[in-house]
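> Okay, here's the prediction I keep looking at, along with the sequence it came from:
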Amino acid sequence: MHNVDTVREALERTAGIVSSSINAVFADLEKIAQAVAEASASLSGEPQRSEFLFLKREFADFIRKHSDLIVGGGIAYAPGTFPEAPFWLEWWRAQRTGDPRFVTHDLNPDSLNYYDYTSREWFTVPSSSGQPVAVGPYVDFGGINVSIITLCVPVSTPQGMHILGGDLTLANLEGVFLRALQLREPVVVLLGPNGRVIASNSARIATGILLQETDLQRAETEVNVSSDDLPRLPWKLISLAS
């Protein structure tokens, strides 16, 4: 039998640490978004990709600064932003050494390998809400083929809504979760809004899987990760009865 107060205290501590870690990443993404907004507002004619070259360094610094969580990041421009490229996506991946590597995507709608970022949840959700949000976990088939969460920040410009994002792997986030939780029992799960497990302290409940209904029925204590005024993290921590 577990002390309910002790478990709730552990869940609330973990929620605070996870939230603080993620919100630090959001804060730096929002700084880059502000720079994008200012650059877009200062344009006197049709936008050119060359006018946003500063983002390569911005995202290199961003990925390096948050290397304990972030494995990649970049910007997806609103369709039609650039005359020479109706669809344009710039994304970088962390490397073991040196600057992050630019990730090439096929953005030709007539191609068999066309990557339609405008239909991806990480683009559509923040575009429609206009609010920062964590999307996932989902399998990043367009990049590193592992389960990731994308922290998304929309930025409204005269050209439309651009989306800035930072990718974090479940393995990195699980490390933050386990160090904060410091409990082997009971089973505790960090759950996303799509019902997928973001992290757990049980080998039986693997990250990335859908939590079974039988497990949900054993939910004992529940704590939201995000405070009411920061719904950007629609996650919850739940402890499961034995």
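Nice, I can see it. All values reported here derive from a predicted model rather than from experimental measurement.
> In this protein, mark out all the strands, start to finish.
Assigned by DSSP state E, the chain shows strands spanning 70-76, 89-93, 101-103, 133-139, 147-157, 160-169, 187-191, 197-200, 219-224, 236-240.
> Nearest to Val176, out of these?
Ranking the strands of the chain by their distance to Val176 (criterion: CB to CB) puts strand 197-200 first, at 8.2 Å. C-beta here means a position set from N, CA and C on the backbone, and glycine is covered the same way.
> Can you pull out the low-pLDDT segments for the chain?
1-2, 4, 140-146, 227-230 (pLDDT under 70).
> Can you check which helix is longest in it?
Secondary structure of the chain per DSSP state H: the longest helix is helix 4-41.
> per the record, what domains does the chain have?
4-18+172-240, 47-169 (automatic domain parsing).
> I'd like the ones you listed written out as TSV, with mean neighbour count and distance to Leu29 added.
Output for those, formatted as TSV (neighbours: other CB atoms under 10 Å; distance: least, CB to CB, whole Å):
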stretch	mean neighbour count	distance to Leu29
domain 4-18+172-240	17	10
domain 47-169	17	4
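> how about these in CSV, adding distance to Ala33?
Written out in CSV, the entries for the domains of the chain read as follows (distance: least, CB to CB, whole Å):
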stretch, distance to Ala33
domain 4-18+172-240, 13
domain 47-169, 4
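> Quick check: which of those is nearest to Glu30?
Short answer: domain 47-169, nearest of the domains of the chain by CB to CB, at 5.6 Å.
> Look at the closest one and report the distance between its end residues.
33 Å (CA to CA, to the nearest Å).
> cool, stretch 189-198 as well?
Terminal-residue distance, stretch 189-198 (CA to CA): 8 Å.
> hmm, who's touching it?
For stretch 189-198, contacts defined as CB atoms under 8 Å, 6 or more residues apart in numbering pick out 14, 18, 136-137, 149, 170, 173-174, 177, 199-200, 202, 205-211, 215, 225, 234-238, 240.
> Which residues does stretch 25-45 contact?
Stretch 25-45 has contacts (CB under 8 Å, 6+ apart) with 47, 51-52, 54-55, 58-59, 62, 65-66, 69-70, 73, 75, 132, 151, 153-159, 162, 164-166, 168, 232.
> rerun that using 7 Å as the cut-off
51-52, 58, 62, 65-66, 69-70, 75, 132, 151, 153, 155, 157-159, 162, 164, 166, 232 (CB atoms under 7 Å, 6 or more residues apart in numbering).
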